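Chemist: Build the 3D model from these lines:
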Amino acid sequence: MVGGIFVPQLKSNKNAQILFIDPEPDADLIKILSFPEEVVASAVRRQSLAKSLAMSGLSITATGLNNERTNEKDLNLIRNIEKGELTLNQFKESEAGWKKSIQIQAVNDEFEKSRIYTTELTIEIPRELTKALQESFNQAGNLEVEFLNNWLQSRILANRSYKEQIVQNETIEKPSEKDYEERSNQEKKPTIFKNPDDFKLIKTNEEEKKSSSLVTPAGISFSITINEV
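Modeler: Numbering: from 1, shown residues only. Take a look at the predicted model:
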């Protein structure tokens, strides 16, 4: 399903239009539909991992995953990735794996004009992923597809099990009718700040905008933080 919106220019005599169509599938899509669902899902997971590695700057390993093989020159950089491509791209060893930070300074008009802000991107790659990548390529430079598929599948299942366990352990206490009545009858009093420092306890919308993070299914973490210089 594909959707589109057409907005005519002011002098146009055409009508505005919202159009949804279901285009004819191409030959590649028809071919994909002939494969078992798990085969397609595994391929999507591998490509997702390859794109995440490329975003992290590890283009050699990403290309190897995409092509399902690598050349002799790049093989050592992958099979010895911690001293190879990670070190080549200035990643430093951390407690959980490998970490890299990139900083950019600029005047950011989104917050307050004429103030300089530092934007920092932090990329963290877990040690269990680097170990898996090292074992995913054999000495001939070919990707051990089944090994990588099993590793990605086991990680997804482990994450899912962990989240389900958290949900099961959470207890939600339903308030009694008496508690509800007491809260309803309470007088709402305004918050009074006697000390200017008290304002620092309030998290403003501006502060919420200053940081964001994303963790991929394979465990690669991307975090962006904006701080005033």
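Chemist: I'd guessed residue 16 sits against residue 4; true?
Modeler: No. Between residue 16 and residue 4 there is no contact under CB atoms under 8 Å: 11.6 Å. For the C-beta atoms, the positions are set from N, CA and C on the backbone; glycine is no exception.
Chemist: quick one: the helices in this structure?
Modeler: 27-33, 37-55, 59-67, 72-79, 85-88, 127-136, 145-169, 177-185, 205-208 (DSSP state H).
Chemist: of the ones you listed, which approaches residue 98 most closely?
Modeler: Each of the helices of the chain has some distance to residue 98 by CB to CB; the shortest is helix 85-88, at 5.1 Å.
Chemist: average pLDDT for that closest one?
Modeler: Across helix 85-88, pLDDT averages out at 95.
Chemist: try stretch 130-149
Modeler: Mean predicted lDDT for stretch 130-149 stands at 96.
Chemist: Just the C-alphas of that stretch, formatted as PDB.
Modeler: The C-alpha coordinates for stretch 130-149 follow below in PDB (Å, rounded to 0.1, in the frame of the first residue of the first chain):
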ATOM      1  CA  THR A 130      32.100  -8.200  18.800                       C
ATOM      2  CA  LYS A 131      32.800 -11.800  19.900                       C
ATOM      3  CA  ALA A 132      29.900 -13.000  17.700                       C
ATOM      4  CA  LEU A 133      31.100 -11.000  14.700                       C
ATOM      5  CA  GLN A 134      34.600 -12.500  15.100                       C
ATOM      6  CA  GLU A 135      33.200 -16.000  15.000                       C
ATOM      7  CA  SER A 136      30.700 -15.200  12.100                       C
ATOM      8  CA  PHE A 137      33.400 -15.300   9.400                       C
ATOM      9  CA  ASN A 138      35.400 -18.400   8.700                       C
ATOM     10  CA  GLN A 139      39.000 -18.500   7.500                       C
ATOM     11  CA  ALA A 140      38.000 -18.400   3.900                       C
ATOM     12  CA  GLY A 141      36.200 -15.100   4.500                       C
ATOM     13  CA  ASN A 142      32.700 -16.500   4.200                       C
ATOM     14  CA  LEU A 143      29.900 -15.500   6.500                       C
ATOM     15  CA  GLU A 144      28.600 -18.400   8.800                       C
ATOM     16  CA  VAL A 145      25.000 -17.400   8.200                       C
ATOM     17  CA  GLU A 146      23.400 -20.000  10.400                       C
ATOM     18  CA  PHE A 147      25.700 -19.100  13.300                       C
ATOM     19  CA  LEU A 148      24.900 -15.400  13.100                       C
ATOM     20  CA  ASN A 149      21.200 -16.200  12.600                       C
END
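Chemist: Would you mark the buried spots in that stretch?
Modeler: 130, 132, 133, 136, 137, 141, 143, 148, 149 (16 or more other CB atoms under 10 Å).
Chemist: same thing with stretch 82-89?
Modeler: Applying 16+ other CB under 10 Å to stretch 82-89 flags 82, 84, 85, 86 as buried.
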